[in-house]
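J.: Sequence first, then the predicted structure, then my questions.
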Amino acid sequence: TARTFSLEVPLTARVVLSVTPRNAIMTAGASRKFGLSLEGGRTGQVVWSVTGGGTVDAQGRFRAPDAPGTCTIQAASREDAEAKDAVTVKVVAAPRGPVKGPGRIQAGGKGLRASVPEQAGCTYAWKVEGGTVRQGGHGPVLTFDAGTGPRVRLVCEITNEAGDVFTASLDVPFS
């Protein structure tokens, strides 16, 4: 006669988690909350940690370090030691000024120069109020022509890789 055996194996729900966004770029000193997708488990409890600088709290809010670099943020399940996920965060410098240019200019002056500090990974957008951009409206150095007065206002919007914008300006009076 055939015998039937049964074996009961307790099933435990495997925990699967994912941290978002996958690749982040942040300005030094900035904060943001990272998201967490979590499946399985009974409690949904995770432990957040960071290496490379900065801090992360129990809810996944990360504060970037004050200097550029790379950090890794990890979430790990409290129930399943193998369930963890990590993301890399690129930390970039905050955009900065000032605008450097002539102290005084003549009405109608041509080929005048102004600049802001060159910063890796940044984009630049210049405006010249009371004059016109001649060359370099999208770089750290600008060549401009003056109008008829009484001043020229040079404005440069500097945007870093994280999308943060710094607006630097300089008012230059006419002689």
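T.: Now that the structure is in, tell me what you want to look at.
J.: Now the element after the helix-or-strand element of the chain with minimal mean pLDDT, going C-ward?
T.: Every helix and strand in the chain was compared by mean pLDDT, DSSP states H and E; the lowest is strand 35-39, with a mean of 92. Where DSSP states H and E defines the elements, the next helix or strand beyond strand 35-39 is strand 46-51.
J.: Contact partners for Arg104?
T.: Neighbour list for Arg104: Val172, Pro173, Phe174, Ser175 [criterion: Cβ atoms under 8 Å, 6 or more residues apart in numbering]. C-beta here means a position set from N, CA and C on the backbone, and glycine is covered the same way.
J.: show me where pLDDT drops low in this structure?
T.: For the chain, applying pLDDT under 70 flags the ranges 1-13.
J.: on that earlier part again, dump the contacts of Arg104 into TSV; add distance to Arg104 as well.
T.: Listed next are the contacts of Arg104 as TSV, based on distance: Cβ to Cβ, whole Å:
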residue	distance to Arg104
Val172	7
Pro173	6
Phe174	7
Ser175	5
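J.: Name the member of those residues with the most neighbours.
T.: When neighbours are counted by other Cβ atoms under 10 Å, Val172 leads the contacts of Arg104 with 22 neighbours.
J.: looking at it, that residue is touching Gln106, isn't it?
T.: No: the criterion here is Cβ atoms under 8 Å, and Val172 misses it with Gln106 at 10.7 Å.
J.: Spatially nearest residue to Gly139, not counting backbone neighbours?
T.: Spatial nearest neighbour of Gly139, chain neighbours left out: Tyr124 (5.6 Å); criterion: Cβ to Cβ, 6 or more residues apart in numbering.
J.: dump the residue contacts of the nearest residue to Arg42 once chain neighbours are set aside.
T.: Of all residues not flanking Arg42 in the chain, Glu79 sits nearest, at 6.6 Å (Cβ to Cβ, 6+ apart). Counting by Cβ under 8 Å, 6+ apart, Glu79 touches Val15, Gly41, Arg42, Thr43, Gln45.
J.: Return the set of buried residues in stretch 69-79.
T.: Using 16 or more other Cβ atoms under 10 Å as the test for burial, stretch 69-79 gives Cys71, Ile73, Gln74, Ala75, Ala76, Ser77, Glu79.
J.: Enumerate every residue touching the second one.
T.: Contacts were defined as Cβ under 8 Å, 6+ apart; by that measure Ile73 touches Val19, Phe34, Trp48, Ser49, Val50, Val56, Gly60, Phe62, Ala86, Val87, Val89.
J.: Many thanks, I have nothing further to ask.
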